[in-house]
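>>> sequence and computational prediction follow.
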Amino acid sequence: MKTYLRFFWYFRPHWRGLIVVLVTMVLHIGLDVLRPWPVKLLVDQVLGDEPMPASLDSVLDALPGPEDVAPRLLMYVCVSTVLIYLIGTLMSAISNVATVRLGQRMTYDLAADLFRHLQRLSLLFHSRQPVGDMIGRVTGDTYCVQELIVDVAFPLLEAVATLVAMFVIMWQVEPTMTLLSLGVVPLLVITILAFRKPMKVRNRARRNLEALMMSLVEQVLSAIPAVQAFNRENLEEERFRSRAKETAAAYVRTTAMSAWFGLLAGLVTTVGTAGIMWLGGYYALEGKITAGDILVFLAYLGHLYGPLDTLTHLASTWQHVAANADRVTEILQTPIDVCDRPDAREARIAGVIRYEDVTFGYELDRPVLKGISLEARPGDVVAIVGPTGAGKTTLVNLMVRFFDPWSGRVIVDGQDIRSYRLGSLREQVALVLQEPFLFPLTVAENIAYGRPGATRSEVEAAAAAASADEFIRRLPGGYDAVIGERGATLSGGEKQRLSIARAFLKDAPLLILDEPTSALDARTESQLLVALKRLMKGRTTFIIAHRLSTIRNADHILVINHGELVEQGRHEELMARPGLYAGLYRQQMEIVRHEPMPEMAAVPERNGEELNDG
């Protein structure tokens, strides 16, 4: 409960809406209290022989109408019934609009906080979580705060206030019947306690299955070229249908449990109502109460059992809300493993990089990097090569603090990078990756993604430096052309040029190139290398190389194998040794010389793993 109470703090920015909801709630309860009395007056005073209360008699004399008391009272009974309905309906409408507005705003505030927290969690966390599940938590589970307030807290508050008001008035009408009417409460409590845990378990299982189904859709649509190329549409459809069948079964189990709960709770209140009808009828036959008293009491009994019924069904609603709230809380309570120290300061980096005995891994007792030490100075080009899974990308990711090392230090300009503010550190680093991350924004907005305040002239200058200006101007709309999802409307070389232009515009002293040309053909690669050479000038550059021929002129070449730095030096030095680098380089050159025509191209199976340097 303490965990869930944190959601109530989302009231604070919207306190005016809260006041409107509470005021209309109080007025609505007051009208419910008045609603049975016109009927009592009709039965006892208009149609019966009961004497008129003195206070009502004086009020009625002051009002216009027929001379006879009975017709005048009948007229005002009818008028008051209509007025109570109109005012009650108006209060309900105002309350519903205010409640929905309040709930939606709180939901989006919580979703924004959850989205912000997810973005601050490390790549290590995101690598272990299905994207579809995270989308479901942000866009679906965050409605728990609206359900908590609109479907639980407000009904609970209104039910308790109504119960108190009805109990006080019913006690004034007939104390014995009032006490009997409360005899159902212990039975309702027992019903709630019996069904509470099973309902929560089934709701949570259903929500998890929904998230898995969403993840499957996200995964398949993200890999749609592979799905179509391998003709696996039917297979993926069957997987979806299987997940959907499991989810539908979970829905049925949850609904069945709620139905049994509602049946038992309704049976308890119905038996209570029957008991009150018997006792009220017995008292009326003995002349202890009037027929109007019975009607008022039964009307109030409905209002009494209505809140009690609401309270019992709130137990079902609460378990659904709690299941979603748990999924939100799991993320919000996940600690941010890469964060600023209290004394962290702004980074102003020249570009001297040093790794001191760095060890890191993604799982305990399985280090990916083992005791890595290296140094680079401003203007240096450091190439990192090695087999797949050797730890090359992990090595440069530590420089950006996507995660922190288990042991050792990464030092920038003589300071541990953890002493810098994370945001300011990353402002000093530009990345060009193998897969350019482009957004469905305009070309100019994509280039300026790392520096949103850049002017149009600065964007165009960066594009020109990246050899992208010419093809951009050929696009319909030029720099204002909107790029398709993940850059689908551009070729591989064009997307990479935009990524390079983004790095030019950021103008950071540290540059990381993670296999930026490995997915391109030789001609496109040679064109991009010219732009990359301009980009690397004057910066400390780390480049992960797939094609070893492209890094022959690097100042330092680091050879990583099984997480260890096994060789380092310039190209000529490494080729003079009978090491891993020389072997990889000669194998690549041998394949280039003897490579057949593309339609007959084949890579020897025994060399496949060694040649995938990325």
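Received, thanks. Just so we're clear, the structure is a prediction, and the values are computed from it rather than from any experiment. Numbers count the residues shown, from 1 in each chain.
>>> residue 462 against residue 504, yeah?
Yes - if you go by C-beta atoms under 8 Å, residue 462 and residue 504 touch, sitting 4.0 Å apart. Backbone N, C-alpha and C define where each C-beta goes, glycine included.
>>> what residues does stretch 541-552 touch?
Contact partners of stretch 541-552, identified using C-beta atoms under 8 Å, 6 or more residues apart in numbering, comprise 353, 376, 380-385, 392-393, 396, 399, 510-518, 525, 529, 536, 554, 557, 571, 581, 584-585, 588-589, 592, 612-614.
>>> next one: the strand or helix carrying residue 542 to chain centre, how far?
Assignment of secondary structure by DSSP states H and E places residue 542 within strand 540-544. A distance of 35 Å separates the centroid of the chain from that of strand 540-544, by C-alpha atoms, centre = their mean, to the nearest Å.
>>> please renumber the chain so that the first residue is 11 from this point on.
Got it, first residue is 11 now, which makes that one strand 550-554.
>>> that strand pairs with which strands?
Its sheet considered, strand 550-554 pairs with strand 391-395 (parallel), strand 520-524 (parallel) by DSSP bridges.
>>> which of the contacts of stretch 551-562 fall in strands?
Those of those mapping onto strands are 363, 386, 391-395, 520-524, 567, per DSSP state E.
>>> pull the most distant pair out of the residues you listed.
395 and 520 (19.6 Å; C-beta to C-beta).
>>> quick one: low-confidence parts of the stretch 311-460 of the chain?
For the stretch 311-460 of the chain, applying pLDDT under 70 flags the ranges 311-323, 325-326.
>>> and with 90 instead?
For the stretch 311-460 of the chain, the stretches flagged by pLDDT under 90 are 311-362, 371-376, 388-389, 396-403, 410-413, 423-425, 431-452, 456, 459-460.
>>> which stretches of it form helices?
According to DSSP state H, counting those that start in this stretch, the stretch 311-460 of the chain carries its helices in the segments 402-407, 432-437, 453-457.
>>> same question for the stretch 61-210 of the chain.
Along the stretch 61-210 of the chain, counting by DSSP H, counting those that start in this stretch, helices occupy 64-72, 79-130, 133-136, 141-149, 154-156, 164-183, 185-191, 195-232.
>>> in JSON lines: those helices, plus mean pLDDT, mean neighbour count and distance to residue 38.
Below are those laid out as JSON lines (pLDDT from 0 to 100; neighbours: other C-beta atoms under 10 Å; distance: least, C-beta to C-beta, whole Å):
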{"stretch": "helix 64-72", "mean pLDDT": "67", "mean neighbour count": "11", "distance to residue 38": "24"}
{"stretch": "helix 79-130", "mean pLDDT": "83", "mean neighbour count": "16", "distance to residue 38": "5"}
{"stretch": "helix 133-136", "mean pLDDT": "82", "mean neighbour count": "16", "distance to residue 38": "46"}
{"stretch": "helix 141-149", "mean pLDDT": "82", "mean neighbour count": "19", "distance to residue 38": "32"}
{"stretch": "helix 154-156", "mean pLDDT": "84", "mean neighbour count": "25", "distance to residue 38": "20"}
{"stretch": "helix 164-183", "mean pLDDT": "77", "mean neighbour count": "17", "distance to residue 38": "8"}
{"stretch": "helix 185-191", "mean pLDDT": "73", "mean neighbour count": "17", "distance to residue 38": "22"}
{"stretch": "helix 195-232", "mean pLDDT": "76", "mean neighbour count": "17", "distance to residue 38": "23"}
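>>> OK, contacts around the closest residue to residue 256 other than its chain neighbours?
Excluding the flanking residues, the one nearest residue 256 by C-beta to C-beta, 6 or more residues apart in numbering is residue 219, at 5.5 Å. The neighbours of residue 219, taking C-beta under 8 Å, 6+ apart as the test, are 253, 256-257, 260.
>>> now, of those residues, which are buried?
Among the contacts of residue 219, those buried by neighbour count (16 or more other C-beta atoms under 10 Å) are 253, 257, 260.
>>> element containing the last one?
Pointing back at residue 260 there. Counting by DSSP H and E, residue 260 is part of helix 243-295.
>>> need the contact list for the most centrally placed residue in the chain.
Geometric centre of the chain, nearest residue: residue 148, 1.5 Å, by C-alpha atoms, centre = their mean. By C-beta under 8 Å, 6+ apart, the contact set of residue 148 is 121, 124-125, 128.
>>> was I right about residue 491 contacting residue 454?
No - the criterion here is C-beta under 8 Å, and residue 491 misses it with residue 454 at 9.0 Å.
>>> name the residues contacting each of these two.
With C-beta under 8 Å, 6+ apart applied, the contact sets of residue 491 and residue 454 do not overlap.
>>> verify the stated contact: residue 541 with residue 474.
No - using C-beta under 8 Å, residue 541 is not in contact with residue 474, being 9.9 Å away.
>>> chain center to stretch 150-160: distance?
Remark: stretch 150-160 is offset 12 Å from the chain centroid, using C-alpha atoms, centre = their mean.
>>> first-to-last residue distance for that stretch?
Length of stretch 150-160, first residue to last, C-alpha to C-alpha, to the nearest Å: 16 Å.
>>> so who does residue 544 touch?
So residue 544 contacts 475, 514 (C-beta under 8 Å, 6+ apart).
>>> work out for me the element it sits within.
Assignment of secondary structure by DSSP H and E places residue 544 within helix 532-546.
>>> what of residue 48?
Residue 48 belongs to helix 47-51, assigned by DSSP H and E.
>>> which elements pack onto that helix?
If contacts are counted by 3 or more C-beta pairs under 8 Å, 6 or more residues apart in numbering; DSSP states H and E, helix 47-51 sits against helix 79-130, helix 301-342.
>>> CA atoms only for it - export them in CSV, please.
Output in CSV follows, covering the C-alpha atoms of helix 47-51 (Å, rounded to 0.1, in the frame of the first residue of the first chain):
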residue,chain,number,x,y,z
TRP,A,47,-38.5,12.1,0.6
PRO,A,48,-40.9,13.2,-2.2
VAL,A,49,-42.2,9.7,-2.4
LYS,A,50,-42.7,9.5,1.4
LEU,A,51,-44.7,12.8,1.3
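>>> ok, back up a step: how about the helices of the stretch 311-460 of the chain, which one is nearest residue 342?
The closest of those to residue 342 is helix 432-437. By C-beta to C-beta, the value is 19.3 Å.
>>> and the closest one, how far from the chain's centre?
Worked out by C-alpha atoms, centre = their mean, helix 432-437 lies 25 Å from the chain centre.
>>> give me the contacts around that helix.
Contacts of helix 432-437 from elsewhere in the structure, counted by C-beta under 8 Å, 6+ apart, are 348-350, 354, 356-357, 359, 410-411, 422, 427, 518.
>>> now residue 197. Nearest residue, chain neighbours left out?
residue 278 is the one closest to residue 197 (C-beta to C-beta, 6+ apart), at 4.6 Å.
>>> thought the one you found was touching residue 201?
Yes - if you go by C-beta under 8 Å, residue 278 and residue 201 touch, sitting 6.7 Å apart.
>>> now the helices of the stretch 61-210 of the chain as CSV including distance to residue 574?
Converted to CSV, the helices of the stretch 61-210 of the chain look like this (distance: least, C-beta to C-beta, whole Å):
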stretch, distance to residue 574
helix 64-72, 95
helix 79-130, 32
helix 133-136, 21
helix 141-149, 33
helix 154-156, 48
helix 164-183, 61
helix 185-191, 79
helix 195-232, 34
